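S.K.: sequence first, predicted coordinates after that:
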Amino acid sequence: MAETVELATTPRNLPFNLAGQAGLRIGEGSAGGGPQVFPSQPTSSTDRYMQLDLEPFYLDLSFMAPLSEARATRLVEFLSATLAGTIVDVGCGWGELLIRVLEATPDAKGVGIDLDLGSIEHAMSLARERGVEERASFIMGDAKDQLPSVSQGAICIGASQIWGPPVEANLPLDYRSALTAVRNMLDRGSPVIYGEGIWTASPTPEAIAPLAGRYDEYVDLPELLDIAGGCGFSVMQVHQATLDEWDEFESGFSARYARWLKANGPDHTDASEVRARAEKQSNAYFRGYRGVLGMAYLAMLAT
Ligand SMILES: C[S@@+](CC[C@H](N)C(=O)[O-])C[C@H]1O[C@@H](n2cnc3c(N)ncnc32)[C@H](O)[C@@H]1O
């Protein structure tokens, strides 16, 4: 069995950077048939976690972030109120928020970019089911290389690591580089949702241990607001995920272990590994960063 790198259930520490395959372009949302998948290397949300056949996160989560339905609705309303043109979702996952924005804004177009083919494929199938495929493009690739030069709106949730050092380097999260890259592609006045991890209490040794092991990995909310202002944004709404949103997110993240154990039974050769992962994750959160690592969502205008 290959070594696993699945560590902490945080937006930053999810091992997405291991999906790795860059540069595939998927679909253009053009008239006549909607998005298409161009030749690809095989990858999926199962094989990136070694050979364990874990089911995809989207079976248990609407978003790969601690984000409730009520808050998602408010974020979509904010974007939709002023969006005129194309909105880009960097690190879009399976594109749920982007698709909701397109549903709420009939004249808008959307571009979702993510490294993970399984997520992009699911995004495309959701876009078709929801009737927005003609206005949605999904690109599998590194958002650093795939950003359009100009756009009129942006979503960046749990994806700042795209512009910072690799997650394995265990360095502080580089909020500034992410916000600067997003700002650079936006027309003035464009609406943006930026969602990112923050400390919501003083970090403890138990909290940082399963994360990057450092007290300066994240900033607190006031500092994040300063950084956003310094990068050319004016904040209109500040949201902070509640403990309920976190518990739901962590539960959804770990549900795949229970699914696997139910499907394969306790005598399967990998059962002890799956139980160990579930326990590690549970300890990391419930004995570690629960209530200390938070998540902020800033609804902003590029100014
Ligand atoms: C925590 S998830 C958030 C997904 C989505 N924004 C959501 O809220 O549901 C972070 C996403 O960033 C993607 N990602 C990480 N590095 C990336 C990169 N360099 N380029 C594009 N996507 C990347 C991951 O594959 C993952 O889907």
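M.R.: Alright, I've got the coordinates. Numbering: from 1, shown residues only.

S.K.: assess the claim that Ile157 and Ala296 are in contact.
M.R.: No - look at Ile157 against Ala296 with C-beta atoms under 8 Å: they stay out of range, at 10.4 Å. C-beta: built from backbone N, CA, C; applies to glycine.

S.K.: near the ligand, which residues of the stretch 101-250 of the chain are found?
M.R.: Residues of the stretch 101-250 of the chain lying close to the ligand by C-beta under 6 Å from any ligand atom are 113-116, 119, 142-144, 157-159, 161-162.

S.K.: between those residues, which has the most around it?
M.R.: For those, neighbours were counted by other C-beta atoms under 10 Å; the highest total belongs to Asp114, with 29 neighbours.

S.K.: just give me the neighbour total for the nearest residue to that residue once chain neighbours are set aside.
M.R.: Once its chain neighbours are removed from consideration, Asp114 has its nearest residue in Cys92; the separation is 5.0 Å (C-beta to C-beta, 6 or more residues apart in numbering). For Cys92, the tally of surrounding residues (other C-beta under 10 Å) stands at 28.

S.K.: next, give phi and psi for Cys92.
M.R.: Torsion angles at Cys92 (phi, psi; degrees, to the nearest 10) stand at phi -70, psi -10.

S.K.: okay, it: pLDDT?
M.R.: Confidence per residue is given as pLDDT, and for Cys92 that number is 98.

S.K.: joint contacts of Ile157 and Ala296?
M.R.: Listed as contacting both Ile157 and Ala296 by C-beta atoms under 8 Å, 6 or more residues apart in numbering are Gly195, Glu196.

S.K.: could you pull out the strands in the stretch 1-150 of the chain for me?
M.R.: Listed in chain order, the strands found in the stretch 1-150 of the chain under DSSP state E, counting those that start in this stretch are 24-26, 86-90, 109-114, 136-140.

S.K.: let me redo that: the stretch 201-303 of the chain
M.R.: According to DSSP E, counting those that start in this stretch, the stretch 201-303 of the chain carries its strands in the segments 233-240, 293-302.

S.K.: you'd agree Gly95 is up against Ala123?
M.R.: Yes - in this structure Gly95 lies within contact range of Ala123 using C-beta under 8 Å: 3.3 Å.

S.K.: now the common contact residues for these two.
M.R.: When contacts are counted by C-beta under 8 Å, 6+ apart, Gly95 and Ala123 have Gly112, Asp114, Ala136, Phe138 as shared neighbours.

S.K.: what's near enough to touch the second one?
M.R.: Taking C-beta under 8 Å, 6+ apart as the contact definition, Asp114 lies against Gly91, Cys92, Gly93, Gly95, Ile120, Ala123, Phe138, Ile139, Met140, Ala143.

S.K.: quick one: it from Met64, how far?
M.R.: Separation of Asp114 from Met64 (C-beta to C-beta, to the nearest Å): 10 Å.

S.K.: and if you look at the third one?
M.R.: Between Ala136 and Met64 the distance, using C-beta to C-beta, works out to 18 Å.

S.K.: per-residue pLDDT, the closest residue to Val132 other than its chain neighbours?
M.R.: Leaving aside its sequence neighbours, Val132 sits nearest to Leu102 (C-beta to C-beta, 6+ apart; 4.2 Å). What the model reports for Leu102 is a pLDDT of 98.
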